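Novice: Any chance you could fold what I've pasted below:
(2 chains)
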Number of protein chains: 2
Amino acid sequence: VKAEIIAVGTEILLGDIVDTNSAYIAERLPALGVDVYWISAIGDNLGRLKEALERAWNRSDITITTGGLGPTEDDVTREAIAAMLREEPGVDPVLEEALRERFRRRGTDMPLRNLKQATLIPSAEAIPNSRGTAPGWWVKKDGKHIISMPGVRAEMYAMWDEYVAPRLAAMSDGTIILSRTFKTTGVGEGAVDERLSPILSSNNPSIGVYAKQDGVHVRLTAKAQSAAEAQAMLDERDPTVRSLLGPIIWGIDDESLEVIVGKILKEQGATLAIMESCTGGLIANLITDISGSSEYFKGGVVSYTNEVKVTIGVDPSLIEEHGVVSPQVAEAMAEAVRSKLGADVGLAVTGVAGPEPLEGNPPGTVYIGVSGVDGSWSSGGGFYPTGRSEIKRRAAYNALHTLRKYLLRIE
Amino acid sequence: VKAEIIAVGTEILLGDIVDTNSAYIAERLPALGVDVYWISAIGDNLGRLKEALERAWNRSDITITTGGLGPTEDDVTREAIAAMLREEPGVDPVLEEALRERFRRRGTDMPLRNLKQATLIPSAEAIPNSRGTAPGWWVKKDGKHIISMPGVRAEMYAMWDEYVAPRLAAMSDGTIILSRTFKTTGVGEGAVDERLSPILSSNNPSIGVYAKQDGVHVRLTAKAQSAAEAQAMLDERDPTVRSLLGPIIWGIDDESLEVIVGKILKEQGATLAIMESCTGGLIANLITDISGSSEYFKGGVVSYTNEVKVTIGVDPSLIEEHGVVSPQVAEAMAEAVRSKLGADVGLAVTGVAGPEPLEGNPPGTVYIGVSGVDGSWSSGGGFYPTGRSEIKRRAAYNALHTLRKYLLRIE
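Specialist: So this is what the prediction gives:
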């Protein structure tokens, strides 16, 4: 089953927003037996959207759109589908009443322009929207489908989970695609590719190598008639990949470094505290994105000034002697926050996010400290300066890699 | 000048990564006199990529691709361009030597498979890559252009800034598009649309209304033969938009809440400290994404446990009496961190990110406290529960909105 995703919105073509909806959908389709061949973004333009829908209708079994279902004049997804299929949209009285009721409960009258959110064409059913006013459309005609969902993330996610995914799962009888990703650290893309050369030309499961912010990823992808069969193919190839890559693998599939580190802390029954300077709360933010992190995460301090570092317990003479961006201060910060917040392990980052140098250190200079019952470690030095957010992100992943090694006692 | 962007990589179609490169490019093209009409993503598949390039070649003046220039077998962008234009790729000796030199400096031999990164076709020039091994391609033929850049973000950004943007600027003689965005808070998309109805059907400048995480955005877009003319059109329409929207406008263009709050703090010569519970460092991370934030940001505490809150100075009896998720504790946290870190203003968030309830409060219950010389404020209550990251993000923006109002003394 061939699918294609069309994200609708001029704001995407203007670079005003990043289309994350398509990735959300694309990630979930293969396990439903649906392959995504094309993703595209089209502006709020009736003609071009109709043209894109027409091409999709001709080459794909399922077309999924997001966006353009709002109440404003810009929103033309319904109109474009109707025009493409040469059907006339009309107000559905049941949808209209539900919409009016929704506004009534909010204590306001329905603005007239919202009425278009209650329209349907003969080939379309409404998809309930539990989070907003715009119902989706599920169009079925000549054995093909168009599934239109709102662009607002929370509404789209809910509509997908509650309605679209279950209905697609019920329809599925095609080829299932499953994949497994091996995440590595410390080796470049080309070198990983060469290690894998004995199995690189294999077709099913096929293998792909990708450079990512947290290291190089290797993705194994199997196609089969059932999930069990695809799973078995992955399981069979798994040991070969592991033996070719060896201990550079740090995680599997959607395991992120913050998840891995959390797992290790839980297994060891250890708690963590963090003091961040240049990463400015990013590490704490990553760690607390994981549900259940309150089990092992005591808390963090964002020490954007030297006084804050000293308030938490860093010896000011260390800062004076070695400079605030130094391995010595990184270790002292880790130990101070560990002791202040009563955690088993302390992790700290001190560095220069830029754009200005700090005490003679150029942006991208970052030191990481870890402290615990096994004593203190530090690592770091200069990264390539690539802008503030990039430096923060690389420093944060580096800190998590360092913490993982410390916890696992890997040199 | 019509442009189209093609992001290459099966990982995008699998939802494994979000294509942020296209937004980076799309955002920068209008000011160079180039309009983006299509953005699409294609997998690492020679046939489909060639087909997409052919369609782009026929309908667009400039096609920009990202990705597929790596050394692995998956990387087929060069091959697809060559096939589409029916030209033969060959190794360029100058590029080859530069590549070998790059590996030599790293102290390793060049893997054989990297050699394809030194190939060109007759219509292509190499674009220097200051951050990685893969040069880009600038193809020029029959008055049309294909610009191919790597997919790795830092490499693509550098190539864009250092080479592609300046060259496009030198080429530009077409229509310039400029836009201005008015960011609002506290009013829904439909209501903003209705307020703007007197000017909504205007064509140039045109107007668009978009619901965003930090409020509803209104975008005014002007097309003209020169930047000065487009600017004048925006300036002329600007007061009308402001008078129709009134004080719900909190920011303009790419001003984010964290930038606005930073500006106000700088103007007032005030410093900020933050204590975050459920947002887990997200607010500090947002604030420290802004360069120059060290001028007004003293630091933050991520207080993921009650002990940490008490360590920083929250009265434990308040937590006992009102519960940790309460307006009283939010205010006490703001005051405690303000005093502990020696800042003028304290901002605090306490709430439930989920998925589990806390002390009987469901996920999405969030209280915000602000404290300063003008006394303490608190606000909050229940949001719609939409998952952990969404709750964190909404709570963070809410906190920044609250801080802005406190600083500006808006009720």
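
Novice: Just the buried residues of stretch A:40-58, please?
Specialist: A:40-45, A:48-53, A:55-57 (16 or more other C-beta atoms under 10 Å in any protein chain shown). Every C-beta, even on glycine, is put in place using the N, C-alpha and C of the backbone.

Novice: again, but for stretch A:394-411
Specialist: A:394-407.

Novice: with those residues in mind, which one is nearest to residue B:250?
Specialist: Ranked by distance to residue B:250 (C-beta to C-beta), these are led by residue A:396 at 29.4 Å.

Novice: would you say that closest one is within a strand?
Specialist: No. Read with DSSP: H, G, I helix; E, B strand; the rest coil, residue A:396 is helix and lies in no strand.

Novice: my guess is it contacts residue A:349, does it?
Specialist: Yes. With contacts counted by C-beta atoms under 8 Å, residue A:396 reaches residue A:349, the gap being 7.5 Å.

Novice: Need the overlap of contacts for the two.
Specialist: A:279, A:283 (C-beta atoms under 8 Å, 6 or more residues apart in numbering or on different chains).

Novice: so what's residue A:195 up against?
Specialist: A:187, A:244, A:245 are the contacts of residue A:195 under C-beta under 8 Å, 6+ apart.

Novice: Now tabulate those residues in CSV and tack on distance to residue A:372, secondary structure and neighbour count.
Specialist: Shown next, in CSV, are the contacts of residue A:195 (distance: C-beta to C-beta, whole Å; DSSP: H, G, I helix; E, B strand; the rest coil; neighbours: other C-beta atoms under 10 Å in any protein chain shown):
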residue, distance to residue A:372, secondary structure, neighbour count
A:187, 27, coil, 15
A:244, 33, helix, 17
A:245, 29, helix, 17
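
Novice: Could you dump the residues you listed into TSV and include pLDDT?
Specialist: Listed next are these as TSV, based on pLDDT from 0 to 100:
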residue	pLDDT
A:187	79
A:244	96
A:245	94
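
Novice: would you turn those residues into TSV with distance to residue B:177?
Specialist: Listed next are the contacts of residue A:195 as TSV, based on distance: C-beta to C-beta, whole Å:
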residue	distance to residue B:177
A:187	44
A:244	50
A:245	48
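
Novice: Just give me the closest of those residues to chain B.
Specialist: residue A:187 (11.4 Å; C-beta to the nearest C-beta).

Novice: residues in the stretch 301-411 of chain A within reach of chain B, list them.
Specialist: Counting by C-beta under 8 Å from any C-beta of the partner chain, the stretch 301-411 of chain A comes close to chain B at A:301-305, A:307-308, A:311, A:340-342, A:353-356, A:384, A:386-390, A:392.

Novice: Drop anything exposed from those residues.
Specialist: By 16+ other C-beta under 10 Å, those give A:301-305, A:308, A:311, A:340-341, A:353-354, A:386-388, A:390, A:392 as buried.

Novice: Inside helices: which ones of those?
Specialist: A:308, A:311, A:340, A:388, A:390, A:392 (DSSP state H).

Novice: mind putting those residues in a markdown table, distance to residue A:61 included?
Specialist: Converted to a markdown table, those look like this (distance: C-beta to C-beta, whole Å):
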| residue | distance to residue A:61 |
| --- | --- |
| A:308 | 58 |
| A:311 | 62 |
| A:340 | 59 |
| A:388 | 44 |
| A:390 | 40 |
| A:392 | 43 |
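
Novice: and which of those residues is nearest to residue B:226?
Specialist: Using C-beta to C-beta, these come closest to residue B:226 at residue A:388, 32.7 Å.

Novice: CA atoms only: put stretch A:83-100 into CSV for me.
Specialist: Output of stretch A:83-100 as CSV, limited to C-alpha atoms (Å, rounded to 0.1, in the frame of the first residue of the first chain):
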residue,chain,number,x,y,z
ALA,A,83,-12.5,20.4,-6.7
MET,A,84,-10.2,17.6,-7.4
LEU,A,85,-12.9,15.0,-7.1
ARG,A,86,-15.5,17.3,-8.8
GLU,A,87,-17.9,17.0,-5.8
GLU,A,88,-19.9,19.8,-4.2
PRO,A,89,-19.3,20.5,-0.5
GLY,A,90,-22.4,21.1,1.7
VAL,A,91,-23.0,21.9,5.3
ASP,A,92,-23.7,18.7,7.3
PRO,A,93,-26.5,19.5,9.9
VAL,A,94,-25.1,17.0,12.5
LEU,A,95,-21.6,18.5,12.2
GLU,A,96,-23.1,22.0,12.4
GLU,A,97,-25.0,21.3,15.5
ALA,A,98,-21.9,19.7,17.2
LEU,A,99,-19.9,22.8,16.3
ARG,A,100,-22.4,25.2,17.7
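
Novice: do it and chain B meet?
Specialist: No. For stretch A:83-100, no contact with chain B is found by C-beta under 8 Å from any C-beta; the gap never falls below 11.2 Å.

Novice: now do stretch A:3-14
Specialist: Yes. Using C-beta under 8 Å from any C-beta, we find that stretch A:3-14 touches chain B at A:9, A:10, A:11, A:12, A:13, A:14.

Novice: Could you work out the end-to-end span of that stretch for me?
Specialist: 25 Å (C-alpha to C-alpha, to the nearest Å).

Novice: for stretch A:291-306, same thing?
Specialist: Length of stretch A:291-306, first residue to last, C-alpha to C-alpha: 32 Å.

Novice: How about stretch A:201-221?
Specialist: 13 Å.

Novice: And the average pLDDT for that stretch is what?
Specialist: Per-residue pLDDT values across stretch A:201-221 average out to 87.

Novice: Show me which residues of it are buried.
Specialist: For stretch A:201-221, by 16+ other C-beta under 10 Å, it's A:205-212, A:214-221.

Novice: Where strands are concerned, which of those count?
Specialist: Among these, the ones falling in strands (DSSP state E) are A:206-212, A:215-221.

Novice: Helices along the stretch 201-350 of chain A, start to end?
Specialist: Using DSSP state H, counting those that start in this stretch, the helices of the stretch 201-350 of chain A run over residues A:227-245, A:257-268, A:282-288, A:306-312, A:316-322, A:327-340.

Novice: Same list, those helices, but as TSV with distance to residue A:167 please.
Specialist: Below are those laid out as TSV (distance: least, C-beta to C-beta, whole Å):
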stretch	distance to residue A:167
helix A:227-245	18
helix A:257-268	30
helix A:282-288	34
helix A:306-312	53
helix A:316-322	61
helix A:327-340	50
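
Novice: That'll do, ta.
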